[in-house]
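> Give me a 3D structure for the following:
(one chain, ligands or ions: 2)
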Amino acid sequence: MTITRRRFIAAASACAALPALRCGAAGAAPQVQVLRAGVSRQQLVPAQFPDTEVWSFNGAVPGPLLRARQGDTLRVTLRNALPQPTTVHWHGIRLPNAMDGVPHLTQPPVAPGQDFVYEFALPDAGTYWYHPHERSQEQVARGLYGALIVDERDPPPFDRDETWVLSDWRLNRDATPVDDYDSNLFDLTHAGRIGNTVTVNGRFTPVGGEFPLRAGERLRLRLVNAASARIFRLKFDGHAPQVIALDGHPVAPHPAGEGVVLGPGMRADLAIDCMGRPGERFVVSDVFYPRELQVMEFVYRDEAPLRREPLDAPLALPPNPLAEPEIARAQRHEFVFAGGAMGGLREAELQGERLGIRELVREHRIAWTINGVARKHHVHEPLLTLKRGSHHVFALHNDTAWHHPIHIHGIAFRIISRNGRPAPHREWADTALLAPRERVDIAFVADNPGDWMFHCHVLSHQSGGMMAAIRIQ
Ligand code: C2O
Ligand code: CU
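Numbering: from 1, shown residues only. Ligands and ions are numbered 1, 2, ... in the order given. Down below sits the predicted model:
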């Protein structure tokens, strides 16, 4: 009580002293009631090239930024104007199972021309996102996603709060999308369908990708990786971002170090004190792959600095109400992720049959397994049933030559260790990025009842077998 009050007063007085600061829920946007999934056109590449047919929510990629306050209830009608059934999954939100948006498992898919109403409370503040879970290897790749921001009731002060939805596209020379969502066996068996055109908030970035800054301001930058397969490692020249949240949840503020790594599905909130001089420019680049890629350019406006020294105010976000896993009494479970090129997988089980890898790939578009079993559909016997309220450690072994962002619906977990070494920040997450051959231990309390997907967020790995369901009852 006292702490809350003191923090409130500190924030309130910081606002009074510095009129430029936005405090509280100043960023709240008008509530969007309807998400209409449909076909639209968007200029993804420079203006001298044609525009591109995209699938989008409310006519734009990314879809509308949904924003609410922690503890509020979100109510959104999905209207399906696509040529396929669809759903909306609210990635990272700890919601009731019936609202999770997994076709067949938690709801019937919404047919073209039909509506579905999602309504749920928002227990945690942070940066989340939404996307279909039906044919996501196509629907997400075509542009169906948007950010969902849940504002803290009592946030530390920032001058500005911005969101970058990072994504990529595989385009032909005439800017039409390459229609190989299911057919590309190389993507299936390697790193997934990585595009050839990177966008930030639906715009091609090296050209016109300028992000204006005011000298002296403190920016909260929310990053969402909505790409189907691309991993980002963002490096901010001339700046020293502090990581303040991962996958929505607060983490002890720490320097981004060798860059901010985001596998598909993952988010990071950064605090950036913009201490460049008016007129200066700095490149933000992705350095995950051997070929460095400019993602954005910070451009300081010719304007008097807002302040000369970085803002002297705390960065730590108030914690979310998550149950703390007790490792000593946790049950342990081992999961082996296998398959893919250079993985040595010879055979696997699919729908009760044991099949050789050649047949799986050629006939079934399957190349990946969890504990020896590949799954194609969202409904199957749960891989594991956990008692509600019980504590668990999952040891996730990546027995492949590829990265896998492993996502669990309905809960958040702590990252405990990597290859047996304690994780320095023990961050909360909903997606754990496993490097090739890496082992990551995570821990959580199974406190949200329902059938929850457990899958790789490289979408062609997911549709290629690397998924399962976990039941909490
Ligand atoms: Cu972001 Cu199962 O998904
Ligand atoms: Cu994967």
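> Isn't R426 up against R418?
No - the pair R426 / R418 is not scored as a contact, 11.2 Å apart, by C-beta atoms under 8 Å. To be clear about C-beta, it is placed using only N, CA and C from the backbone, and glycine gets the same treatment.
> The two: which is more packed in?
Remark: of R426 and R418, R418 carries more neighbours, 17 against 13, as counted by other C-beta atoms under 10 Å.
> tell me the contacts of the more buried one?
Contacts for R418 (C-beta atoms under 8 Å, 6 or more residues apart in numbering) come out as 438-441.
> Those residues into JSON lines, with extra columns for pLDDT?
Output for the contacts of R418, formatted as JSON lines (pLDDT from 0 to 100):
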{"residue": "E438", "pLDDT": "98"}
{"residue": "R439", "pLDDT": "98"}
{"residue": "V440", "pLDDT": "98"}
{"residue": "D441", "pLDDT": "98"}
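> Out of those, which sit inside strands?
439-441 (DSSP state E).
> Tell me the one among those nearest to ligand 2.
V440 (13.3 Å; C-beta to the ion).
> That closest one: what's it in contact with?
395-396, 398, 406, 415, 417-418, 432, 434.
> farthest-separated two in the residues you listed?
I406 and S417 (14.9 Å; C-beta to C-beta).
> picking up where we left off before, most neighbours, which of the contacts of V440?
That'd be I406 among the contacts of V440, by other C-beta under 10 Å, with 27 neighbours.
> Following the chain past the helix or strand that contains that one, name the next helix or strand.
Using DSSP states H and E, I406 falls within strand 404-408. Using DSSP H and E, the next helix or strand after strand 404-408 towards the C-terminus is strand 413-418.
> distance between that following strand and the chain's centre?
17 Å (C-alpha atoms, centre = their mean, to the nearest Å).
> Can you pull the domain assignment for this protein?
5-151, 160-300, 327-472 (automatic domain parsing).
> With distance to L306 as extra columns, can I get those in a markdown table?
Listed next are the domains of the chain as a markdown table, based on distance: least, C-beta to C-beta, whole Å:
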| stretch | distance to L306 |
| --- | --- |
| domain 5-151 | 6 |
| domain 160-300 | 4 |
| domain 327-472 | 30 |
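> so which of the ones you listed comes closest to L317?
Closest among these, once you apply C-beta to C-beta, is domain 160-300, at 3.8 Å.
> Now do that closest one: distance from first to last residue.
Domain 160-300 has an end-to-end distance of 14 Å (C-alpha to C-alpha, to the nearest Å).
> now check that domain, is it near ligand 2?
No - residues of domain 160-300 contacting ligand 2 under C-beta under 5 Å from the ion: none, with a closest distance of 6.8 Å.
> What of stretch 398-410?
Yes - remark: stretch 398-410 sits within contact range of ligand 2 at H404, by C-beta under 5 Å from the ion.
> Mind listing what's buried along that stretch?
398-400, 402-410 (16 or more other C-beta atoms under 10 Å).
> Stretch 288-308 now?
So stretch 288-308, judged by 16+ other C-beta under 10 Å, has buried residues 288, 295-300, 305-307.
> about what we covered before: pLDDT averaged over the strand holding I406, what's the number?
The pLDDT scores in strand 404-408 average 98.
> With stretch 234-245 instead?
97.
> which outside residues touch that stretch?
So stretch 234-245 is contacted by 126-127, 220-221, 223, 250-251, 253-256, 259-260, 262, 267-276, 280, 282-287, 295, 298, 315-317 (C-beta under 8 Å, 6+ apart).
> which one is the closest residue to ligand 1 within the chain nearest to, not counting chain neighbours?
Using C-beta to the nearest ligand atom, H91 is the residue of the chain that sits closest to ligand 1, at 3.6 Å. Of all residues not flanking H91 in the chain, W129 sits nearest, at 5.0 Å (C-beta to C-beta, 6 or more residues apart in numbering).
> Okay, and the one you found sits in which element?
strand 126-131.
> try R358
R358 belongs to helix 357-364, assigned by DSSP H and E.
> Same question for that helix: list its buried residues.
Buried, per 16+ other C-beta under 10 Å, within helix 357-364: 357, 360-361, 364.
> ok, now stretch 51-59?
52, 54-57.
> for the residue of the stretch 101-250 of the chain at minimum distance from ligand 2, what are its contacts?
Ranking the residues of the stretch 101-250 of the chain by distance to ligand 2 (C-beta to the ion) places G192 first, at 6.8 Å. G192 is in contact with 228-229, 264, 458-461, counting by C-beta under 8 Å, 6+ apart.
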